[in-house]
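[1] Provide a 3D model corresponding to the input given below.
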Amino acid sequence: MTESKINIIICDNNREVCNVLNDYLLYQKDIVVTGIAKDGVEAIKLIQEKKQRTLALGADQYVVKPFDLDVFVKRIRQMFNNSTLAYTTAKPLIS
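    Sure, this is the predicted structure:
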């Protein structure tokens, strides 16, 4: 049985943050970066182009910088595995 890959679009207006996240995520066997966007409009276009199922971390949850990359990846995996849950209020992804 093959495991599902988690497809990620990185969205941040800071190119350096995008590059650090992309470089780190390259080493995660279960996570694939499918695009990098500089803002929400560009991210929506990428999602539509790739027809990806979305779990909107930016809308429902957010990352407070600076953050630990290991904790960040663990949280992505948790959210992917629990993607059937509905998030109704904004709360920090990592605090």
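
[2] Tell me where the model's unsure across this structure.
    For the chain, residues meeting the criterion pLDDT under 70 lie at 1-3, 52-62, 83-95.

[3] mind checking the longest helix of it?
    If you go by DSSP state H, the chain has its longest helix at helix 69-81.

[4] Quick one: list the elements packing against it.
    strand 6-11, helix 15-25, strand 91-94 (3 or more Cβ pairs under 8 Å, 6 or more residues apart in numbering; DSSP states H and E). Yep, even glycine has a C-beta here, placed from its N, CA and C like the rest.

[5] Could you double-check that I8 lies in contact with I76?
    Yes: with contact defined as Cβ atoms under 8 Å, I8 counts as touching I76 (7.1 Å).

[6] Of the two, which one has the most company?
    Legend: neighbour count by other Cβ atoms under 10 Å for I8 and I76, higher for I8 (22 against 19).

[7] next one: phi and psi at K5?
    phi -90, psi 150 (degrees, to the nearest 10).

[8] Many thanks, I have nothing further to ask.
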